[in-house]
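Asks: When you get a sec, could you give me coordinates for this:
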Amino acid sequence: MDQYSHIYLEALSMDLILTGARLLLSGVFLTAGLAKLADRPGSRRALVGFGVPPRLATSLAGGLPLAELAVAAALLPLGWAWWGALAGLALLLTFTLAIAVNLARGRAPECRCFGQLSAAPLSWKTLLRNGALSLLAGLIVWQGRASPGLSLVGWAGGLQLLQLAGMLAIGLLVVLAAVQGWLLSHLLRQHGRLLLRIAALEERLEGRSPAPHSAPHSAPHSAPHSAPQPAAGLPAGSRAPAFRLRDLQGQRVTLESLTAHGKPLLLLFADPACSACTDLLPEVSRWQGQHANRLWVALVSSGSRTANRRLAEEHGLGALLLQKDGEVARLYGVRGTPSAVVVRTDGTIGSLLAEGPDMIRLLVQRTLGLPMPAGAAAPGEIGGNGRQRAQPGATRPQVGEPAPQVRLPDLDGRPVDLTDY
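Replies: Numbering: from 1, shown residues only. Sure, this is the predicted structure:
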C-alpha cells in the first residue's frame, strides 16, 4: 500500500467516524425533542427542579424541544452539519454544567432529558453520558466546516429504489415500536390510577373511616341533632404553623422558604386516593405556571412517593411536599381533602380554610383579584368550612319540623308553591 492510499484510508475512516457521530447526535436530539414535546408539563417540572424560575421554565419547556429538533435536522445535510454540531455542543455543555452544579450541591432533581422515556433522578452516569455526547459534537466542530463527514444526501441518492424502501420501512418500524412503548406505558399508569380510585371507593363502601388527610371529597357532615362542629382551619391573622417536609426530589422545604418568594402562598392539601383532588390537579398545574409571579402554590400531599410522583409527572406539578401521616394537615386544622389556605408573606394566615374544589377555586380567584362568578360569596361570607355563612338571626330547620313555605315562579312565570307537591 503506497503513501497516497494510506492517506486516503485515514481520511475515509475519519469521514466515517464523523458521519456516524452526526447520525448518533441527530438521533439523540430527535428523540429528546419529540419526547419533550409529548411531555411538556413534565419537562417544565424538571426545569423547575433544576432551579429554573417557574415562569421561565414554562417558556423553556416549549422552546427547548424545538431547538433540539432544529439541531437534529441541521446535523444531516453536509452544508449545515458543522453549524448543527456547534449548536448541539452549546446545548450539551449547558446541560452538563447544570447537571454538574446540581450534583455538586448534593441535589438530584429528576432528569427528563428524554421526556417520559427516562424519568429518573440525576446521577454521575447522566454527567458522563452528556460528556461523551459533547466530545462527539466537539470532534465535528474541531474538524472544521470543510470536513464534517460524508454527504448523507449523496449517499442516499446512490441507493437503489428497493434499498431505499427497505431502509424507510425499518425506520418506520422503529418509530412505531417507540410509539407503542409510550402508549403502553401511558396505559399502565392509567390502570394504576384506576386501581387507586377503586380501592378508595371500596373502603368507603365497607364503611371504613378514612384518615383525616385522605378524607373524602368534602368535609364530613354532622349527624342530625348533634352539636355543631367547630370551624375548620385557623383564624385569619394568626401565625401559620411552621413545618419542614421533603419534596419529590428529597430536598427539605420549610414554610419560611415557601414564603421567601415574596408572594402569597397557597397551601393545598391533597391525597392521591382522593378523586376530587386528582380532578383539580390540571388547574393546580395551570395556577403554578400562569400565576407564579403573583401566587406561589404548594401541594402538601399524603400517600406514597411513587403515587405522588406519578400524579406530578402526569400533570406537570411544581412544588409538591410529602407528609407522612397528615401531621401538617392537623396543624392547620384540615378535616378533609382537597382543602387550601393562603399564608401571607409575613407568615400569618391570610384566609379561612377552603374545603372542596369549588371553594378552592374561589379562594384562588379572590387572592389573584380575578373576577368572581355570579352569585359567589364575598370573602367575609365564607365560613371556616368553606361554606357561605348564614345571615344573622337565621335558623336552620331541624329534622321532623315542617318545611318552610316556598313560592317561586316556574319557567312559564306561573307561581308554584311547595305545598302543591
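Asks: Please verify my assumption that L268 contacts Q288.
Replies: No - using CB atoms under 8 Å, L268 is not in contact with Q288; the gap is 10.1 Å. In this view, the C-beta of every residue, glycine as well, is placed from N, C-alpha and C.
Asks: Comparing the two, which residue is more hemmed in?
Replies: Q288 (28 against 25; other CB atoms under 10 Å).
Asks: before we move on, the earlier item: hey, what's in contact with both of L268 and Q288?
Replies: V297 (CB atoms under 8 Å, 6 or more residues apart in numbering).
Asks: What segments of the stretch 51-200 of the chain are helices?
Replies: 54-74, 78-104, 124-143, 152-157, 161-205 (DSSP state H, counting those that start in this stretch).
Asks: cool, the stretch 251-400 of the chain as well?
Replies: 255-259, 275-290, 305-315, 327-331, 357-368.
Asks: How many neighbouring residues does the closest residue to G192 other than its chain neighbours have?
Replies: Distance criterion CB to CB, 6 or more residues apart in numbering; nearest residue to G192, sequence neighbours excluded, is R310 at 6.7 Å. Using other CB under 10 Å, R310 has 17 other residues around it.
Asks: show me what contacts the residue nearest to L47 when sequence neighbours are not counted?
Replies: Of all residues not flanking L47 in the chain, A57 sits nearest, at 3.9 Å (CB to CB, 6+ apart). The contact partners of A57, by CB under 8 Å, 6+ apart, come to R44, L47, V48.
Asks: Columns secondary structure and neighbour count on top of the residues you listed, output as TSV?
Replies: Output for the contacts of A57, formatted as TSV (DSSP: H, G, I helix; E, B strand; the rest coil; neighbours: other CB atoms under 10 Å):
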residue	secondary structure	neighbour count
R44	helix	27
L47	helix	23
V48	helix	24
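Asks: Nearest to R22 among the residues you listed?
Replies: Distance to R22 across these (CB to CB) is lowest for L47, with 27.6 Å.
Asks: if I look at H261, how far off is L128?
Replies: Note on H261: its distance to L128, by CB to CB, to the nearest Å, is 35 Å.
Asks: Who has more neighbours out of those two?
Replies: Neighbours per residue, other CB under 10 Å: of H261 and L128, the larger number sits with H261, 15 against 12.
Asks: my read: that one touches W296, true?
Replies: Yes - between H261 and W296 a contact is recorded at 4.9 Å, counting by CB under 8 Å.
Asks: Which stretches in the stretch 201-350 of the chain count as strands?
Replies: 244-247, 252-254, 265-270, 296-301, 320-322, 339-343 (DSSP state E, counting those that start in this stretch).
Asks: Include mean pLDDT and distance to L368 when you put the ones you listed into TSV, please.
Replies: Below are the strands of the stretch 201-350 of the chain laid out as TSV (pLDDT from 0 to 100; distance: least, CB to CB, whole Å):
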stretch	mean pLDDT	distance to L368
strand 244-247	91	24
strand 252-254	90	23
strand 265-270	94	10
strand 296-301	93	11
strand 320-322	93	21
strand 339-343	94	11
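Asks: and V406, which of the ones you listed is closest to it?
Replies: strand 339-343 (32.5 Å).
Asks: between the closest one and helix 357-368, how big is the angle?
Replies: 10 degrees (axes from the mean of the first three to the mean of the last three CA atoms, to 10 degrees).
Asks: Can you mark which positions in stretch 128-143 are buried?
Replies: R129, N130, L133, S134, L136, A137, G138, L139, I140, V141, Q143 (16 or more other CB atoms under 10 Å).
Asks: what does stretch 305-318 give?
Replies: So for stretch 305-318, counting by 16+ other CB under 10 Å, buried means A307, N308, R309, R310, L311, A312, E313, E314, H315, G316, L317, G318.
Asks: where does the stretch 1-150 of the chain dip in pLDDT?
Replies: 1-13, 115-120, 147-150 (pLDDT under 70).
Asks: returning to what we had before: out of the helices of the stretch 51-200 of the chain, the one nearest D346 is which?
Replies: helix 54-74 (22.1 Å).
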